[in-house]
Every structure is written in structure tokens, then in C-alpha cells.
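[1] Okay, predicted coordinates and the sequence, questions at the end:
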Amino acid sequence: MHRAVGPQPLRGAEHASTSGRPHYPASSACRLRGRESARWAQLESQAVAAFAAATTHSCSHRVSSTRIRGPQRLRSVEDEASAVACVEEGWCNDDIHPHPSPPEDVDPKSLIMSECTVQELASEVQALVRLVQAQQDILYSQKAQIDQLTETLLEQAQRSCTASKPGECSQRHLSPFDSQRVGYGDRRLLGLYDARFHSTHTGATPSDFRVLPSRIILVRHAESEGNVDNLLYTTMPDSQVPLTARGHMQAREAGRVIKSLMEADPGRRDDYRLFFYISPYKRSLQTYEGISSQFSSHHLLGVQEEVQLREQDFGNFQDAEGKQHEKAERLRFGRFFYRFPNGESGADVYDRITLFEDHMVRDINAGRFAGNTALVLVTHGLALRIFLMRWFHWTVDEFLSVYNPANADPLVLERTPSSTQPVPAWRHTKSLYRLTEGSMRSLRGCSPEMCSTDTLPRKSLKVSTRLL
């Protein structure tokens, strides 16, 4: 940048000024006046060109906060000549220290094309750097898992070839599809169970068990008029058989038992909730009314009628003599597979209970019953046993060895405690529940091995000689 004055005198002759500009003594003023007139035209043209170039550059590029601000506005020749005279007169006075005037015609904000500051841009860059580092860590972890799974698969393939002749078994080369499945962690390649591919599995068993209901409570309806007098079925539809007076008392007592169970934890006496699945038969509806009457409304999350939970269909109006003949024939044919005329077999009930369980497990995995929520199923004796048969994967022979529970006697499936360890891939939502010891005692014929699914699949089956 050119100065508006001539060459500087010797350093010893100049005086400091607050503006950083040399302060010349009075003897230099006369020489400066003669030189200014000759050079001013040249300085004006150079300043105009520099101003145009600086303005064009500031409109096309960002300017940081530390960049020198734009060029000052040039005054006319007449104004500048008078200004030079004033400056020179000031130089002759040691008390006056001239300062450069600020560029009043240049707004620093107009030189910046964006509203982002340097600090904001720096923070964005740091955030992107952290994101890239996190993604790299994930990729490294996945690569390590893939390498480990690939090594395991190759070792399994080598072990499978040990029985072959020497030299016939070479190292197995993975196909692209196998490599993709290994990267996904498909346990089926090793002949192991993987619950992620189960028909009732929605992608993964929830890692946080609080998403699952705390308990699943099964209740056979309370005592009905049909339990007291079998001849009632000859004149009244099965779906319309009501409870006895004793049955209503049993239903209310079942509600008190469930309430004491839910309030056993002093810290969670008020935050539990109940959701009911009930059979549409009248005796089941009345049992539900007796149970729910023992709870405040804020503890009742909801109720859903499920036709699939109804009793086994024994036909329409049941003739007493004809029904005795059919039951005798069922013993010869097999209790589980015998289908009553105009009715159902135990296998038919199994099919519809399977549909109900599959939909219920999907709702459970979706978090519909998250928190301290318990499911209460009010159903019938045979439907209840088949529910457990399907849940715990009983064989038909094991099912036939179990008797109906007592009327209005709650059976409790408790969820396993939450764990910080990842859930193994073979685990299914059903395997996270097991029947309590008290419920096992109420379910005559059920052994402890039949009340959980901690190990899958079964290693062997016992062949039964009885009619199924």
C-alpha cells in the first residue's frame, strides 16, 4: 500500500505516534509539499484500481474476522489536497498525532457471504470428525465379528470332514451367499437354532426385558353350573353356562390373590397394570368381572375378548346318552386326536391356540405391554393346558399326563430377571418365562423340566405306548 507522503527521513529524526505512523519534524514539511503535487495523480489512479480489485475479491470469497478491512473511500483531489495540508500542519505541531480515519463506507458484514462464523464451522468439523471415528469403531468391531464367525465356520467344516479319507477334505471356500450369512451371524450354518428366523419372531428378542410383561397369569374360569350338573349342557348352549354363587366368590378370591402377587414388591405397589385376554363364554366373562372388581381403575390397562380362547367344542346341544358313547369311543381312538361330532378335537384346539400365542408374542415383542404390566388370560381347562403345551413345547404324551387346574386358581409364568449380557441368538421370547413353583404344584402331572424352555431343541423323545 502506497503512502500519501514521500520518503521517510532518518529514524533518529522521527517521533513515535499513537497511530503507528512516523511523526516528522517541522523541517520536513516544506519538502513534502512539493513532492505531493507531482505524485498525487499517479497515487489516485493506483488507489482506484486497488479499490476495484479488493471489492471484486471480497464479493467472491469469505473474509475471516482477522482479514484487513476493505480499502478506504478516496476523496476528490481538492478535498485530498486540503487534507494533506491539514496533516502537514499537524505534523508541524508535536502535540497533534494524526490517526487514519475508519472506512465509513465499508460494512464488514457485506464482505461475508454466509452467516456462519469461524467458531461454528470449527464445531461442525469437530462433530463430523467424531462421527467418522465412531463409524470406524463400529466397522472395526463388525469386521472382528465376521472374522471370528468365518473362522468358526471353517473349523466346523473341517471337523465334519474328519471321517472322510485323507486328502479328500480340502479347505472349504465360502460362497458369496455363505459369506453374507456369516456376516449376519446366521447360526443355522452351524446347525444351531436361531430365533431371529422363527415365525413368531419380529427381528430380535428385546434386549431390555422391561419391554416384556412382568408376568403371564393363566386362570381357569370359576365354578360354573355345568361343573355341578352335566345335564345342563343338554338344554343350554355351552357358551351361555353361568357361574354358581360359589363361583362368583372364587372369582373375587382369585382377584385378591393376583393383587397380593402384584403388590409383593413394596416399591412398585402402585405402578403395576393388568391387561386381560378373556374367552367370550359367559362363565369366563363373569370370572373376569369378579377378578377386576378387586382392582382400582388405574391398574386396569384394558381387556380384549379372544374367541380363540374358548372351550373345546363338544357339539351343539349335547345328548347325555350320546355323549357317554362318544367319550367311550374317544378312549379307544385317542383323547387328543378324537373329534367330537359337530365339534373339535384337542388337535383342533391346539391349532387355534397356536394362532393366538403367535399374535400375542408379536404384541409382546413390539412393546405393547412394557413396564410393570401383567397379562391375565381367563380361559378354560383344556385350552389352558394346550396354551402351556404350545408355550413349553410339550409332546402330546406330556400334555395327556397333565390334569386341569382347579377353578379360579391362578397359574403364574414369571419373567426371568433383566440381564446386562446380550440375549443369545437361540433364545426366544417364550424361553424367558417359567412356571413358578406354586403353580407347578397346582398343575398336577407337570414336572419341573416341563415348566421352562431354557434348552432348545430337545435332545431326545420318549416313545409313548398309550393312545394319543
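    Done, it's in. Numbering: from 1, shown residues only.

[2] What separation is there between the closest residue to Arg352 other than its chain neighbours and Tyr140?
    Once flanking residues are discounted, Arg352 sits nearest to Gln308: 4.4 Å by CB to CB, 6 or more residues apart in numbering. Every C-beta, even on glycine, is put in place using the N, C-alpha and C of the backbone. With the distance defined as CB to CB, to the nearest Å, Gln308 ends up 49 Å from Tyr140.

[3] quick one on the thing from earlier: how many neighbours does the residue nearest to Arg352 have?
    Per other CB atoms under 10 Å, the neighbour tally for Gln308 reads 19.

[4] for the protein, what spans make up the strands?
    215-220, 273-278, 300-305, 373-379, 411-415, 433-435 (DSSP state E).

[5] Mean pLDDT and distance to Ser401 for these - can I get that in CSV?
    Shown next, in CSV, are these (pLDDT from 0 to 100; distance: least, CB to CB, whole Å):
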stretch, mean pLDDT, distance to Ser401
strand 215-220, 97, 18
strand 273-278, 97, 26
strand 300-305, 96, 31
strand 373-379, 97, 20
strand 411-415, 94, 16
strand 433-435, 91, 15
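
[6] any chance of those strands in a markdown table, plus distance to Phe340?
    Below are these laid out as a markdown table (distance: least, CB to CB, whole Å):
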| stretch | distance to Phe340 |
| --- | --- |
| strand 215-220 | 20 |
| strand 273-278 | 24 |
| strand 300-305 | 24 |
| strand 373-379 | 19 |
| strand 411-415 | 26 |
| strand 433-435 | 30 |
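
[7] before we move on, the earlier item: which pLDDT value goes with the residue nearest to Arg352?
    Note on Gln308: pLDDT of 97.

[8] cool, the one 3 residues further on as well?
    Glu311 is assigned a pLDDT of 96 by the prediction.

[9] thinking again about what came up before, want to throw the strands of the chain into a markdown table with distance to Phe317 and mean neighbour count?
    Listed next are those as a markdown table, based on distance: least, CB to CB, whole Å; neighbours: other CB atoms under 10 Å:
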| stretch | distance to Phe317 | mean neighbour count |
| --- | --- | --- |
| strand 215-220 | 24 | 25 |
| strand 273-278 | 25 | 21 |
| strand 300-305 | 24 | 13 |
| strand 373-379 | 23 | 25 |
| strand 411-415 | 32 | 20 |
| strand 433-435 | 37 | 21 |
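
[10] just to revisit the earlier point, right, and the residue nearest to Arg352 touches Ile353 too?
    Yes: if you go by CB atoms under 8 Å, Gln308 and Ile353 touch, sitting 6.5 Å apart.

[11] Figure out which of the strands of the chain is closest to Ala144.
    Among the strands of the chain, strand 411-415 comes nearest to Ala144, with 32.5 Å by CB to CB.

[12] what sits up against the closest one?
    Strand 411-415 has contacts (CB atoms under 8 Å, 6 or more residues apart in numbering) with 209, 212-219, 261, 384, 388, 391, 405, 432-436, 438-439, 442-443.

[13] same check, this time on stretch 366-378
    With CB under 8 Å, 6+ apart as the test, stretch 366-378 has contacts from 202, 206, 210-219, 221, 258, 262, 268, 271-279, 284, 287-288, 291, 301, 309, 360, 363, 384, 387.

[14] List every C-alpha atom in it, with coordinates, as PDB.
    Backbone C-alpha positions of stretch 366-378 (Å, rounded to 0.1, in the frame of the first residue of the first chain) are rendered in PDB as follows:
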ATOM      1  CA  ALA A 366     -43.500 -54.800  19.900                       C
ATOM      2  CA  GLY A 367     -43.600 -53.400  23.500                       C
ATOM      3  CA  ARG A 368     -47.400 -53.300  23.900                       C
ATOM      4  CA  PHE A 369     -47.100 -54.400  27.500                       C
ATOM      5  CA  ALA A 370     -43.900 -52.600  28.500                       C
ATOM      6  CA  GLY A 371     -43.300 -51.600  32.100                       C
ATOM      7  CA  ASN A 372     -44.700 -53.400  35.200                       C
ATOM      8  CA  THR A 373     -47.600 -55.000  33.200                       C
ATOM      9  CA  ALA A 374     -49.000 -58.400  33.700                       C
ATOM     10  CA  LEU A 375     -51.200 -60.300  31.200                       C
ATOM     11  CA  VAL A 376     -54.200 -62.200  32.600                       C
ATOM     12  CA  LEU A 377     -55.700 -64.900  30.400                       C
ATOM     13  CA  VAL A 378     -59.200 -66.100  31.600                       C
END
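
[15] can you give me the helices for the stretch 201-350 of the chain?
    225-228, 245-262, 282-292, 320-333, 346-365 (DSSP state H, counting those that start in this stretch).

[16] Flag every buried residue along the shortest one.
    For helix 225-228, the neighbour count (16 or more other CB atoms under 10 Å) marks 225-227 as buried.

[17] could I get those as CSV with distance to Val378 and pLDDT?
    Shown next, in CSV, are the buried residues of helix 225-228 (distance: CB to CB, whole Å; pLDDT from 0 to 100):
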residue, distance to Val378, pLDDT
Glu225, 17, 97
Gly226, 16, 94
Asn227, 15, 95
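
[18] Distance to Ala370 for these - can I get that in CSV?
    Converted to CSV, those look like this (distance: CB to CB, whole Å):
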residue, distance to Ala370
Glu225, 40
Gly226, 38
Asn227, 37
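
[19] and of the residues you listed, the nearest to Phe337?
    Nearest to Phe337 among the buried residues of helix 225-228, counting by CB to CB, is Gly226 at 24.3 Å.

[20] Give me the neighbour count for the residue nearest to the closest one when sequence neighbours are not counted.
    Closest residue to Gly226 apart from its sequence neighbours, by CB to CB, 6+ apart: Val241 at 4.4 Å. Neighbour count for Val241, taken as other CB under 10 Å: 19.

[21] now the one 5 residues further on
    Residues within reach of Arg246, counting by other CB under 10 Å, total 14.
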